[in-house]
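Q: Return atomic coordinates for the entry below.
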Amino acid sequence: MAHETSKDAITEDEIAGTAPTASSSASPARNAFSALMAPKRKAAPPSPKPAKKKYNKDMRDGLDDYILHPETYSSSRVIYYGSAFVAINDLYPKSSVHTLLLPRTEHKDMHPFDAFDDPAFLAAVREQVKKLRHIVGKELQSRYGPYSKQDIPREKVLNGEVEPAEDGVLPVGRDWDKEVMAGIHAHPSMNHLHVHVLSVDRYSECLKHRKHYNSFATEFFVPIEDFPLAKDDERRHGHDLKQDMKCWRCGMNFGNKFAKLKEHLAEEFKEWRKE
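A: Numbers count the residues shown, from 1 in each chain. All right, here's what the predicted structure looks like:
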């Protein structure tokens with residue numbers, strides 16, 4: 001004889017919570033008991049807060065690959081290279097044109113204050129800076145010459161509005177090389193020695209913090225022309241990046257109001273390129 005299941009019996013499926021939905025004839029007691037016996041779903045533990053990103057010391061060696069394998073990069077990244085130096089476009093520019101000069105010699109792992117005490121090395125760096133400064137100046141002229149009053153005669157020849165001189169030489173126009181600054185940070189952010197060669201405008205989407213601006217607008221930035229530094233030069237001990245921000249062009253003091261400074265820099269950029 002077949003075994004009969006009691007009307008109030010709980011099947012294994014019901015205990016496990018896998019039984020089909022009860023019909024309308026199922027008793028309320030049975031449904032309540034099923035709910036009571038069903039395994040309780042544990043509340044999901046709270047999501048852990050993301051750990052603060054630790055500064056990876058290896059990031060300070062980020063220039064190493066440019067020094068070791070410059071030939072593997074496109075011309076949009078590596079501008080030129082030789083046996084002693086590599087010139088690249090900065091990955092996070094703090095001006096509209098921002099390049100880096102990297103030595104490939106034994107000086108590459110030295111702090112610039114020490115490396116530039118070597119007269120022969122400093123002379124070689126200055127020669128390369130002059131070369132890179134001219135490249136940056138030419139890029140500025142290409143980009144902003146059409147906006148510059150000083151370049152109007154040159155632009156008219158280029159546009160065919162005026163006949164060129166008999167010798168075919170273009171009007172000199174604005175000296176864009178003078179719109180380029182070159183130097184190092186008193187406390188470099190990278191392990192490998194690098195010289196910043198950049199336009200003076202400090203106009204870039206990558207300029208996002210007060211320290212970004214002040215690292216190129218205070219004595220924290222040491223011009224290459226000032227080397228070798230005297231042993232008692234205060235810049236050897238760094239500089240406070242939390243000081244007030246002052247416009248590089250007009251000197252207006254913006255205190256710690258970076259957003260206001262950024263707005264101002266955009267206006268100054270337009271005026272600067274019109275000169």
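
Q: who touches residue 243 in this structure?
A: By CB atoms under 8 Å, 6 or more residues apart in numbering, the residues touching residue 243 are 214, 218. C-beta coordinates here come from the backbone N, C-alpha and C atoms, glycine included.

Q: no no, residue 172
A: Applying CB under 8 Å, 6+ apart, we find residue 172 in contact with residue 154.

Q: one more time with 10 Å, if that's ok
A: Contact analysis of residue 172 by CB atoms under 10 Å, 6 or more residues apart in numbering lists 150, 151, 153, 154.

Q: Check the gap between the second one and residue 174 for me.
A: Spatial separation of residue 151 from residue 174 under the definition CB to CB, to the nearest Å is 5 Å.

Q: same check, this time on the last one
A: Distance from residue 154 to residue 174, counting by CB to CB: 8 Å.

Q: Tell me the spatial nearest neighbour of the residue positioned nearest the centre of the chain, not counting adjacent residues.
A: Nearest to the geometric centre of the chain sits residue 92, at 2.5 Å (CA atoms, centre = their mean). Leaving out its chain neighbours, the residue that sits closest to residue 92 by CB to CB, 6 or more residues apart in numbering is residue 206, at 4.4 Å.

Q: Please apply the same query to residue 162.
A: Sequence neighbours aside, residue 156 is the residue nearest to residue 162 in space, at 4.3 Å (criterion: CB to CB, 6+ apart).

Q: which SS class is the one you found?
A: Under DSSP: H, G, I helix; E, B strand; the rest coil, the three-state class of residue 156 is helix.

Q: and it, what does it touch?
A: The contact partners of residue 156, by CB under 10 Å, 6+ apart, come to 162, 163, 164, 171.

Q: The stretch 151-275 of the chain: strands as residue ranges?
A: Along the stretch 151-275 of the chain, the stretches classed as strands by DSSP state E, counting those that start in this stretch are 180-185, 195-199, 221-223.

Q: right, and those strands - which one's nearest residue 271?
A: Proximity to residue 271 (CB to CB) singles out strand 195-199 among these, at 14.3 Å.

Q: partners of the closest one, with directions?
A: According to DSSP bridges, strand 195-199 forms sheet pairs with strand 98-103 (antiparallel), strand 180-185 (antiparallel).

Q: which stretches of the stretch 51-200 of the chain form helices?
A: Along the stretch 51-200 of the chain, counting by DSSP state H, counting those that start in this stretch, helices occupy 64-68, 112-115, 119-144, 152-158.

Q: Mind putting the ones you listed into JSON lines with distance to residue 85 and mean pLDDT?
A: Shown next, in JSON lines, are the helices of the stretch 51-200 of the chain (distance: least, CB to CB, whole Å; pLDDT from 0 to 100):
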{"stretch": "helix 64-68", "distance to residue 85": "9", "mean pLDDT": "95"}
{"stretch": "helix 112-115", "distance to residue 85": "13", "mean pLDDT": "96"}
{"stretch": "helix 119-144", "distance to residue 85": "5", "mean pLDDT": "98"}
{"stretch": "helix 152-158", "distance to residue 85": "31", "mean pLDDT": "94"}
